[in-house]
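# Build me a structure from this.
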Amino acid sequence: MHGLEIVDKPLGKTSFDMVRDIRKKYNIKKVGHIGTLDPMATGVLVILIGEATKLSDYLMEHDKEYIATIHLGEKTDTGDSEGNIIETKLVPEDINKEKIITVLNSFLGESYQIPPMYSAIKVNGEKLYNLARQGKTVERKSRKISIDEIELLDYNKSEINFRVVCSKGTYIRVLCEDIAQKLDTCGYMKTLRRTRIGKFKVEDKDKFIEIKDILLYNESEKNKQNLSINIEGNDLKKLLNGVPIKLDSVNINTSEDKLVNIYNHEKFIGIGQIENGELKRKIIL
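Modelled structure (predicted):
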């Protein structure tokens, strides 16, 4: 069994809990996931099954959509509702819809974000959250992120609810803190729900997608025909043996590096990687 399943992670469960549930459901050991969600977060988690686990890097590249709530006036050591309050600050009386929208829009586009101490990033082989639990703080390198969409959904004097579409590697906890700071107060992420990864939506929960359909699922109709390639004869033998083959006379755009479905006539063989005009095997079933 090879493919992925879209799950809606409930509150309180870890991403590994969901992996364990899928292992039991299909009685298969080779299971992974992309885009970890903390126990206090809910929403889309893409579970990879069998050989599809080799596609994690490709799937991580997709953008993500979240709905988050910021609690204003208090800051926690973890940046979310599970931490200890380390700072309190009055919320300005003049906060209104227009001001909030202006601040939210100021985050659109590319910027740099410093990962929080409570994260799984490793520094000198040690996960940051382990150091944070020991009361240690280390220097972290800023990372380029992109905010493609951001929208105010609702607000009151103490909370802001918003939707955001962002690149991989964006920490919504940090974004919430930065938004609060621009509003001349402090804040933390009270709730977080991921509604989409690429085109994998929370509405599609419990849907299983076979490995041969994964690459096509996230592409527009006009691009789908350029994601499959037919290989025959000696070229197929070479590919199955791990030998890259030249792609100078096939009906596919080889000017860009990408993944493609490999077929032998109508039989699905696996997934290959096009690099510099050559096709290399990535997954062979």
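# where are the low-confidence patches of this structure?
Within the chain, the set of residues satisfying pLDDT under 70 comprises 120, 221-222, 248-256.
# How is it partitioned into domains?
For the chain, the structural domains run 3-61+200-217, 64-197, 222-284, going by automatic domain parsing.
# could those be laid out in TSV, adding mean neighbour count?
No exception for glycine: its C-beta is placed from N, CA and C like everyone else's. TSV is the format used below for the domains of the chain (neighbours: other Cβ atoms under 10 Å):
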stretch	mean neighbour count
domain 3-61+200-217	17
domain 64-197	16
domain 222-284	15
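# which residue is nearest the centroid of the chain?
Residue closest to the average C-alpha location in the chain (Cα atoms, centre = their mean): G35, at 4.1 Å.
# Next up, the contacts around it.
44-46, 60, 64, 168, 194, 197 (Cβ atoms under 8 Å, 6 or more residues apart in numbering).
# go with 6 Å
Residues counted as contacts of G35 (Cβ atoms under 6 Å, 6 or more residues apart in numbering) are I197.
# Next up, phi/psi of it, please.
Backbone torsions of G35, given as degrees, to the nearest 10, read phi 70, psi 80.
# Also Q134?
Residue torsions, per degrees, to the nearest 10, at Q134 are phi -90, psi 0.
# same thing with H62?
Dihedral angles for H62 - degrees, to the nearest 10 - are phi -70, psi 150.
# Give the helix, strand or coil label for the closest residue to T53 other than its chain neighbours.
Nearest in space to T53, with sequence neighbours left out and distances taken as Cβ to Cβ, 6 or more residues apart in numbering, is G32 at 4.4 Å. Here G32 is recorded as strand under DSSP: H, G, I helix; E, B strand; the rest coil.
# now swap in H71 and tell me
strand.
# Please shift the residue numbers so they start at 447 in all later answers.
In the new count, where the first residue is 447, that last one comes out as H517.
# contacting residues around the one helix or strand K636 maps to?
Secondary structure assignment for K636, by DSSP states H and E: strand 633-643. The contact list for strand 633-643 (Cβ under 6 Å, 6+ apart) reads 481, 487-490, 492, 508, 510-518, 521-522, 525-527, 618-619, 622, 626, 648.
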